[in-house]
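Engineer: need a 3D model of the following:
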Amino acid sequence: MTDPAPNPALLAAVRDILAAADADIAARKPVCQASGRCCKFEQYGHRLYVTAAELAHFAATIANREPRTTSHEPRPPVSLPQFFAQPKPEGCPYQIDGLCTAREARPLGCRVYFCDENAQSWQNELYEHYHAQLTALHEKYGLPYRYLEWRAALRELT
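Structural biologist: I've put the predicted structure just below:
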């Protein structure tokens, strides 16, 4: 289970690393066709993994975000207990109507993954670069390093 009150400096450091990754990715101009394949793990044969630091950032960001106020936003995600109560939960519980409802909090793997063939040449290297920075935060802030499959990590938040 993640720490219910993570270190604010750790959360800020994760946020800074993810922002740097976002800027690096944007500079490469990958194309997102909003296909939703990135969130349909079983259907497209891939998995998403997160560090304990990313999970702490995700949990803190989701817990502190403002409620939806406009009708054009996607419907809210299924609660995690509802998602995991399904006989065979698949995909990401935060993908609703083809859109990510946790975009601001999403982990590095979500940010880096693009179906765009032009992105295939740099994704792994970029992921490893920023993952190393996230990994270093665990030692710096005394957080035990863990690398978990996304839904296994989300189960810990229920």
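
Engineer: for the chain, longest helix please?
Structural biologist: Counting by DSSP state H, the longest helix found in the chain is helix 8-28.

Engineer: immediately after that one, which helix or strand?
Structural biologist: Once helix 8-28 ends, the next helix or strand along the chain (criterion: DSSP states H and E) is helix 41-44.

Engineer: need the residues that contact that next one.
Structural biologist: Residues from elsewhere that reach helix 41-44, judged by C-beta atoms under 8 Å, 6 or more residues apart in numbering: 37, 38, 47, 48, 90, 91, 92, 150. Any C-beta I mention is one placed from the backbone N, CA and C, and that applies to glycine too.

Engineer: now render those residues as JSON lines, adding secondary structure, pLDDT and distance to residue 23.
Structural biologist: Below are those laid out as JSON lines (DSSP: H, G, I helix; E, B strand; the rest coil; pLDDT from 0 to 100; distance: C-beta to C-beta, whole Å):
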{"residue": "37", "secondary structure": "helix", "pLDDT": "75", "distance to residue 23": "24"}
{"residue": "38", "secondary structure": "helix", "pLDDT": "78", "distance to residue 23": "20"}
{"residue": "47", "secondary structure": "coil", "pLDDT": "88", "distance to residue 23": "26"}
{"residue": "48", "secondary structure": "coil", "pLDDT": "91", "distance to residue 23": "21"}
{"residue": "90", "secondary structure": "coil", "pLDDT": "88", "distance to residue 23": "32"}
{"residue": "91", "secondary structure": "coil", "pLDDT": "87", "distance to residue 23": "28"}
{"residue": "92", "secondary structure": "coil", "pLDDT": "89", "distance to residue 23": "24"}
{"residue": "150", "secondary structure": "helix", "pLDDT": "93", "distance to residue 23": "23"}
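
Engineer: filter those residues to the buried ones?
Structural biologist: Neighbour-count burial (16 or more other C-beta atoms under 10 Å) applied to the contacts of helix 41-44 gives 38, 48, 91, 92, 150.

Engineer: and stretch 92-108, how far apart are its ends?
Structural biologist: Stretch 92-108 has an end-to-end distance of 15 Å (C-alpha to C-alpha, to the nearest Å).

Engineer: could you check how far it is from the centre of its chain?
Structural biologist: Computed by C-alpha atoms, centre = their mean, to the nearest Å, the chain-centroid distance of stretch 92-108 equals 8 Å.

Engineer: over to stretch 143-151?
Structural biologist: From the chain centre to the centre of stretch 143-151 is a distance of 12 Å (C-alpha atoms, centre = their mean).
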